[in-house]
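Participant: sequence plus predicted model, see below.
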Amino acid sequence: MSGPSPNTPAAAAGPIAVREAPAPQPSAVPAPTSGNIHETPPATAPRAFSEPSTCELPPAISQLGVNGQGVSPSHVPKVGMIFDTEKEAYDFYNNYARCVGFSIRRSFTKTRADGTIYCKYLVCSNEGLTAAKHRTSTRSDCKARLQFYISREGKWTVKKVELDHNHFLVSPDRAHTLRSQRRLLEADQQMLNQMRRDGITAADIQSALQQCSGGAENIHLLKKDSEKKYLQPSYAQTLLEYLKNKQSENPSFFYAVQMDDDGQIANFFWTDGQAIVDYACFGDAVSFDTTFETNRFEMPFAPFVGTNHHKQPIIFGAALLYDESSESFVWLFQTFLTAMSGKQPATIVTDQSAEISTAVRLVFSNSSHRLCLRHISHNAVKHLSYEICNHPQFLSDFKECMYEQRSIECFDSKWKELIGAYNLEGNAWIENLYASREKWAAVYCRDSFCADLMSTQHNEVTNSAFERFRRKLHLPEFLEEYDKLITSLRQNELEADHKSRHSNSVPYIPDLPMLKTAADSYTRTVYVDFEEEFKKLFILPCSFLSQNGTISTYKLSPLNLEAEAYVVFNSEDTTISCSCKMYECKGMLCKHALRVLNYSNIFTLPSHYILKRWTKQAKAQLFCCRNSNSESLMSRCARVSQKIHSVAVRCSMSEKTLQFLEAGVDKLSWEVENFQSQSNLNSNGTGKPLDFYDDAMTTED
C-alpha cells in the first residue's frame with residue numbers, strides 16, 4: 001500500500017501405531033538448534049516415581065512412570081519415530097504424557113521460505129518462566145520436549161527427545177486434571193452443549209458425566225470446562241436489549257450478532273452513526289485489539305480504534321467475541337466493512353495471531369497489515385523473561401531496535417548487536433519474530449499510511465484511555481464503562497476542535513509564510529509536530545546531485561547519527577519526494593523535503609501536501625461532493641441523506657446546536673413542500689419545473 005497522495009485525503013484415546021525409521025542425517029534436515037535439547041538414545045523402561053509430600057524437588061526426574069508402574073517401551077518417544085500427521089504425533093506424545101503424569105502443549109514453529117512448516121516442538125506445559133510477579137504459575141522452565149522435522153510430504157519425524165522433568169508429576173487418579181487430557185469427543189461435546197442450552201448447571205453436568213463414566217478420573221473434563229462460556233441467557237438478553245435500545249434512539253446505530261452451529265450467540269459487533277462518520281474521515285488507519293478481558297465469562301472486548309485530526313484515539317466500532325477462530329474474525333471484519341460502506345483502511349494494525357492474520361488477508365486485501373509494537377513488547381516479556389529479569393536494560397534495547405527508522409542496514413546491525421549481547425542465538429521466538437520483521441519493524445512500515453498508530457506516543461495515549469477495560473467486568477458494568485469512554489473521547493475531540501478553531505497557534509517565526517500557512521491549516525497538536533520538524537531543517541546540509549529538466553535530486557547529510565536522505569523535487573508542479581517516506585507514512589512533509597523547498601527559494605507550504613485529515617476542517621463538507629449527471633434519483637437521495645446525517649451527528653453533542661439545526665430543518669422542510677407545490681403547478685408538461693428550479697440547481701452547482 002502507498003501512503004497519502006497529494007491533493008487527496010487519505011483426541012484419540014488409545015496409543016497411536018508408529019513405525020521407526022533411521023533418524024534423518026543432520027545435513028539433510030534444516031532443523032533449528034535450540035538451547036538445552038540434546039539427542040536422546042532409545043529409552044529404556046522408565047523408573048517409577050510417586051508424588052512425595054516433601055517440598056524438595058529432585059535435581060531431575062527422568063522418564064518417570066507413576067506409582068511403580070512403568071510405561072511400555074513402545075510408547076516412549078524415540079528419535080526416528082515417524083507419524084503421518086500432526087494429530088498422530090500430538091496424540092502419541094499426549095498419551096505418553098498421561099501415563100507419566102504431565103501436560104503438553106504446542107510450542108515453537110519454524111517455516112520454510114514458501115510458508116510450509118519444517119520444524120515443530122511439543123513441550124511440557126511447565127516449559128519456560130513467567131515474568132509477571134504476584135501471580136500463580138506452573139512454569140518451572142522444564143526442558144522435557146519433542147522436536148519434529150516435517151518433510152515436504154507432511155511426514156512428522158522425531159528429531160530430538162528430552163524426557164527429563166524438573167517438577168513433580170501427577171498420579172494416575174489425577175491425570176484427567178491435566179490440561180492436555182481434557183478433550184471431549186464430538187458426541188460428548190454435542191451432549192454438553194445441549195445440557196448448557198437446557199440450563200443445567202456446571203456442577204450437575206459434572207456429576208452426570210462422572211456417573212456415566214464411572215468416576216472423575218475417567219472423564220476428560222473439569223467443572224470449569226463445563227461452565228457456560230457463552231453469554232448466559234440473562235446476559236445475552238441484556239446485551240441485545242442494550243443494542244436494540246441504541247438503535248431505537250438512533251436509527252443510524254448498527255449492530256450484528258453471529259450464531260454458532262449450536263444456535264448460540266457467539267460474537268457481537270456494533271457501531272453508531274458518529275463512528276461511521278469518523279471512519280469516513282479517519283478510517284485510513286485502524287488498530288484492532290483483542291487483548292482486553294472485560295467480563296466474568298472471558299469474552300474479549302475487541303475495539304476498532306483510529307486516530308483523529310488531533311491525534312486522539314477514536315473508536316470506529318467494537319466487538320465481544322467468544323469464538324476467536326479465523327472464521328469468526330472473517331465474519332467480524334466483513335461485518336465491519338459492511339457498516340463502513342466497504343471502505344478498507346490503508347493500514348490495519350493487530351496483535352500477533354495466526355487467526356487474525358488469515359482473516360486480514362482474506363477481508364482487508366487492499367490494506368497493509370502491521371503488528372502492534374506494544375503487543376510484541378508484551379510477548380517479549382513472556383518469551384524472554386530470563387533476559388529481562390537478569391538484564392534490566394534488555395527491554396529498552398529491544399524497543400530501540402523495533403523503533404529504529406534510519407535504514408534497513410541500521411536495523412539489521414542493531415538486531416545483530418542485540419542477539420549477540422544477550423546470547424539469543426538460536427532462540428526460536430526471536431528467530432520467528434525477525435522472520436516477520438516487515439510487519440512490525442518501524443523501518444519497514446514507511447510505505448503505507450499509519451496516521452501515527454505505530455508511534456510510542458499513540459500507544460501510551462490509547463493504552464491509558466482503555467485502561468479501564470484491562471480488568472474483568474460484569475456485563476452491565478462493561479456497557480456503562482463503554483458508554484462513558486465513547487462520551488469522554490468525543491468530548492475531548494470537541495474541546496480540541498474549539499481550541500484549534502478559536503485560538504491559533506503562534507509560529508516561532510511569525511512572519512514566515514510556511515509556518516503561518518501550517519498554523520492556519522493544521523490543528524494545534526499537528527502544528528506542534530510540524531514546527532518541530534521544520535526547526536530541524538536549519539542543521540541539515542543540502543547538496544545538489546543532478547538535474548533532469550525540471551527535476552532535481554538532492555542529498556541531505558545530517559550532522560548527527562541519522563541516515564542520509566535523498567530528495568527529488570520537480571519545480572514545474574512543486575512535487576517532492578524523500579527517501580525517508582515520512583509523508584507517505586505520516587502525511588506530513590519531513591525536514592529533508594522542507595530543507596529542499598527552502599534551498600529552492602520556496603517559502604510557502606504547497607497546498608497539495610497539507611493532508612486534509614490533519615487540518616481543522618477535517619470533517620467539513622464530508623458529503624458535499626456532486627456526482628455525475630447520470631446518477632440515479634435513489635443514489636442521489638441516499639447521498640443527500642448522508643449529508644443531512646453527517647450534519648446531525650456533528651451537532652449531537654450540543655443542545656444549542658441541535659436546536660439551531662432542527663429549526664433550520666423545519667424551515668427547509670416547509671420551503672421544500674412549497675417548492676414542490678409550485679413545481680407541480682408550473683410544470684411544462686415534461687415533469688420539469690420552470691425557472692425557479694433551474695435557478696436553484698445553478699446556485700447549488
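Facilitator: The structure has been received and is ready for your questions. Residues are numbered from 1 along each chain as shown.
Participant: hang on, Leu479 in a helix?
Facilitator: Yes: assignment of Leu479 by DSSP: H, G, I helix; E, B strand; the rest coil places it within a helix.
Participant: shaky segments in the stretch 501-650 of the chain?
Facilitator: In the prediction, the stretch 501-650 of the chain carries residues with pLDDT under 70 at positions 561, 621-639, 641-643, 646, 649-650.
Participant: count of residues packed around Gln491?
Facilitator: Neighbourhood size, Gln491 [other C-beta atoms under 10 Å]: 11. Where you see a C-beta, it was placed from the backbone N, CA and C, and this is true even at glycine.
Participant: cool, and the one 5 residues further on?
Facilitator: Ala496 has 19 neighbouring residues, counting by other C-beta under 10 Å.
Participant: tell me the pLDDT of Asp204.
Facilitator: Asp204 carries a pLDDT value of 50.
Participant: who are the contact partners of the most centrally placed residue in the chain?
Facilitator: With distances taken as C-alpha atoms, centre = their mean, Thr350 lies nearest the centre of the chain, 1.4 Å away. Neighbour list for Thr350: 287-290, 356-357, 360, 369-372 [criterion: C-beta atoms under 8 Å, 6 or more residues apart in numbering].
Participant: can you show me the helices along the stretch 501-650 of the chain?
Facilitator: 513-521, 524-535, 582-586, 591-599, 633-650 (DSSP state H, counting those that start in this stretch).
Participant: same question, the stretch 251-400 of the chain
Facilitator: Under DSSP H, counting those that start in this stretch, the stretch 251-400 of the chain gives helices at 273-282, 326-339, 354-363, 373-383, 385-390, 394-402.
Participant: make JSON lines out of the ones you listed and add mean neighbour count.
Facilitator: Output for the helices of the stretch 251-400 of the chain, formatted as JSON lines (neighbours: other C-beta atoms under 10 Å):
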{"stretch": "helix 273-282", "mean neighbour count": "22"}
{"stretch": "helix 326-339", "mean neighbour count": "19"}
{"stretch": "helix 354-363", "mean neighbour count": "17"}
{"stretch": "helix 373-383", "mean neighbour count": "18"}
{"stretch": "helix 385-390", "mean neighbour count": "16"}
{"stretch": "helix 394-402", "mean neighbour count": "17"}
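Participant: for Thr116, which of those helices is the nearest?
Facilitator: Minimum separation from Thr116 across the helices of the stretch 251-400 of the chain (C-beta to C-beta) falls at helix 354-363, 14.3 Å.
Participant: and that closest one, how far from the chain's centre?
Facilitator: Relative to its chain's centre, helix 354-363 lies at 11 Å (C-alpha atoms, centre = their mean, to the nearest Å).
Participant: how about the CA coordinates for that helix, as PDB?
Facilitator: Provided in PDB are the C-alpha atoms of helix 354-363 (Å, rounded to 0.1, in the frame of the first residue of the first chain):
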ATOM      1  CA  ALA A 354      -2.500 -16.600  13.100                       C
ATOM      2  CA  GLU A 355      -6.300 -16.500  13.000                       C
ATOM      3  CA  ILE A 356      -6.400 -12.700  12.700                       C
ATOM      4  CA  SER A 357      -3.700 -12.700  10.000                       C
ATOM      5  CA  THR A 358      -5.700 -15.200   8.000                       C
ATOM      6  CA  ALA A 359      -8.800 -13.100   8.300                       C
ATOM      7  CA  VAL A 360      -7.000  -9.800   7.400                       C
ATOM      8  CA  ARG A 361      -5.500 -11.400   4.300                       C
ATOM      9  CA  LEU A 362      -9.000 -12.600   3.200                       C
ATOM     10  CA  VAL A 363     -11.000  -9.500   4.000                       C
END
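Participant: contacts for that helix, please.
Facilitator: Contacts of helix 354-363 (C-beta under 8 Å, 6+ apart): 288, 290, 324-326, 328-330, 332-334, 337, 348, 350, 367, 369.
Participant: minimum pLDDT in the residues you listed, which residue is that?
Facilitator: Minimum pLDDT across the contacts of helix 354-363 falls on Glu324, with 76.
Participant: residues in contact with that one?
Facilitator: Per C-beta under 8 Å, 6+ apart, neighbours of Glu324: 290, 300, 353, 355.
Participant: redo that, cut-off 10 Å
Facilitator: 267, 290, 299-300, 302, 332, 353, 355-356 (C-beta atoms under 10 Å, 6 or more residues apart in numbering).
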